[in-house]
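> sequence? don't have it. structure:
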Ligand code: FAD
Ligand code: PYC
C-alpha cells in the first residue's frame, strides 16, 4: 500500500476529494430526460425525489449552477411552522408540516427536525387582534395554535423580558407547538442522496442560460457548461433568480428579488429551546443544536442580486433582540450573510404552468419557503408528473395576478416581510 505523509498526504486527500466530487457532482448528462429541474435547492431536490419516489419517473436531471443547496436553502433561519391565515396557504404549509414529521424516516437521513414550538409575539392591540384571527383560522383548518398571555409566554421563555420595561412590551403571542426548526443543509443533502439513490442525475456547476422553445413549447435548456439538454418537461425552481429565468422564456413574473439577511452568534450553552418571532420590533431568534443563536433580520427595501444586505438592517434586528432578551447583550456575533428572496405581491408562492407549454415554475416563496420544502416538492412533482397544476397547486397559479384571485398573506402570516 502506498504511504503518504505531509504534502503528499494532502495532495492525495485533495485528489480523492476532487474525484469523489466529480463522481457525485457531475454525471455526464444524457441528451434527453423526461424531466429537467433547474435549481438544486431544497425545493428542486425535493421535487426530483418525489417525482422518482411517488410518480416513478426517474429519468430526471437536476441542473444546479453552483453547489446543491447553496442558495437560500443554505442561508435561511430554518423556521418551520404552518400557522398561515388563508385556507389555501394553510393547507399547503400544513401539508409540508406533515411531511416534515416523517421526513427523517422517509429519507433515512436525520434532517434534525425539532418541534420545539414557535411563538409569534404581539406588541400592540392590533397585533393581538391579528393573532386571534389567525389562531382561530388555524384551528378551523385543523392546525394547532393557541393565544398566550405574557405570563404563559414567560413560562415558556423565562429569560425573555415580558415586563412593561421595553419600548414595546409583549402583550401576548400565538403559539404553534408543532412548529420548530430543521437542519437546512441536511434537508438538501437528504433529498439529494435519496433522489440520487433512485437514479436522478444531480449535475452541479451547470448553469442554465436559456430555454429551447419550439412552437410555443419548451423542449430543453441550454447550459453554460454542458451544451443543450432536451426534456419533455422542465421545472424551474430558482428562487431569487426566477424573474431572470422567466425573461429567458419570454414572459414576466410579478416578483421582486430582495436581499434578506441572517446572523449567528458564537456557540453558547443551551439557553433557548423554542423559536421566538416578533414582527413588530422585527427580529426572530432560535438556538441551533450547535449552540449558535440564529437571528433573522428584516428584508432590505431595495432590489438586488448581491447575497448580502445593508448594515442598518441587521443593526436594527440586533437592537430588537437585545430589547427582548437583555441577557444576550453580551453575546458576540460570529457570522452574517444574505440570500436573495423572490417576493410576490401577495406573499404567496407561484406553483404553476406558464405561457410556454411544458415549462413550469415553482418560485415566489420569498422569505418563507424553507418550511415548505417537502410540501413544495411534493406538490410540484405531482404538477410536473400530470402536466397540469395539482389540486393544491391550483390557487398558486401565476395567472392569479391577472384574475385578481390573490391570497394575501402579507402581514397575516406571522412574519413581517
Ligand atoms: P434555493 O435554495 O435558493 O435554490 C435555488 C437554486 O437555483 C440555487 O441553488 C441557485 O444556485 C439555482 N439557480 C439559480 N439560477 C440558476 C440557473 N440559471 N441554472 C441553474 N441553477 C440555478 N424560510 C422559512 O420558511 N423559514 C425561515 O426561517 C426562513 N429564513 C430565511 C432567512 C434568510 C436569511 C433567507 C435568505 C431566506 C429565508 N427563508 C426562510 C426563505 C427560504 O430560505 C427560501 O424560501 C427557500 O430556501 C427557497 O428554497 P429553493 O430551493 O426554492 O431556493
Ligand atoms: O416564514 O417563518 C418564516 C420566516 C422566518 C424567518 C424568515 N421567514
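Sure thing, it's come through. Keep in mind the model is a prediction, meaning the values are calculated, not measured. Ligands and ions are numbered 1, 2, ... in the order given.
> state the distance from the residue of the chain found nearest ligand 2 to residue 362.
Per C-beta to the nearest ligand atom, residue 368 is where the chain lies closest to ligand 2, at 3.2 Å. C-betas here are computed from N, CA, C, even on glycine. Distance, residue 368 to residue 362, by C-beta to C-beta, to the nearest Å: 14 Å.
> compare those two (neighbour count), which wins?
Between residue 368 and residue 362, residue 362 has the larger neighbour count (other C-beta atoms under 10 Å), namely 32 against 23.
> the more buried one contacts residue 375, doesn't it?
No: under the criterion of C-beta atoms under 8 Å, residue 362 is not in contact with residue 375, lying 11.1 Å apart.
> common neighbours of these two, please.
Common contacts of residue 362 and residue 375 (C-beta atoms under 8 Å, 6 or more residues apart in numbering): none found.
> so who does the residue positioned nearest the centre of the chain touch?
Centroid-nearest residue in the chain, with C-alpha atoms, centre = their mean: residue 370, separated by 2.3 Å. Residues in contact with residue 370 (C-beta under 8 Å, 6+ apart) are 42, 72-73, 76-80, 182, 184, 187.
> residue 316 too?
By C-beta under 8 Å, 6+ apart, the neighbours of residue 316 are 282, 297-298.
> mind putting those into JSON lines with distance to residue 403, neighbour count and pLDDT?
Shown next, in JSON lines, are the contacts of residue 316 (distance: C-beta to C-beta, whole Å; neighbours: other C-beta atoms under 10 Å; pLDDT from 0 to 100):
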{"residue": "282", "distance to residue 403": "33", "neighbour count": "20", "pLDDT": "90"}
{"residue": "297", "distance to residue 403": "34", "neighbour count": "28", "pLDDT": "94"}
{"residue": "298", "distance to residue 403": "31", "neighbour count": "21", "pLDDT": "91"}
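> which of those fall in strands?
Those of these mapping onto strands are 297-298, per DSSP state E.
> tell me the one of the contacts of residue 316 nearest residue 228?
residue 297 (40.6 Å; C-beta to C-beta).
> poorly predicted segments of this protein, please.
1-25, 412-416 (pLDDT under 70).
> and the residue nearest to residue 46 when sequence neighbours are not counted, how many neighbours?
Leaving aside its chain neighbours, residue 46 sits nearest to residue 377 (2.4 Å; criterion: C-beta to C-beta, 6 or more residues apart in numbering). When neighbours are defined as other C-beta under 10 Å, residue 377 has 29 of them.
> could you pull up the residues touching the closest residue to residue 267 other than its chain neighbours?
Closest residue to residue 267 apart from its sequence neighbours, by C-beta to C-beta, 6+ apart: residue 291 at 3.2 Å. Taking C-beta under 8 Å, 6+ apart, we find residue 291 in contact with 267-270.
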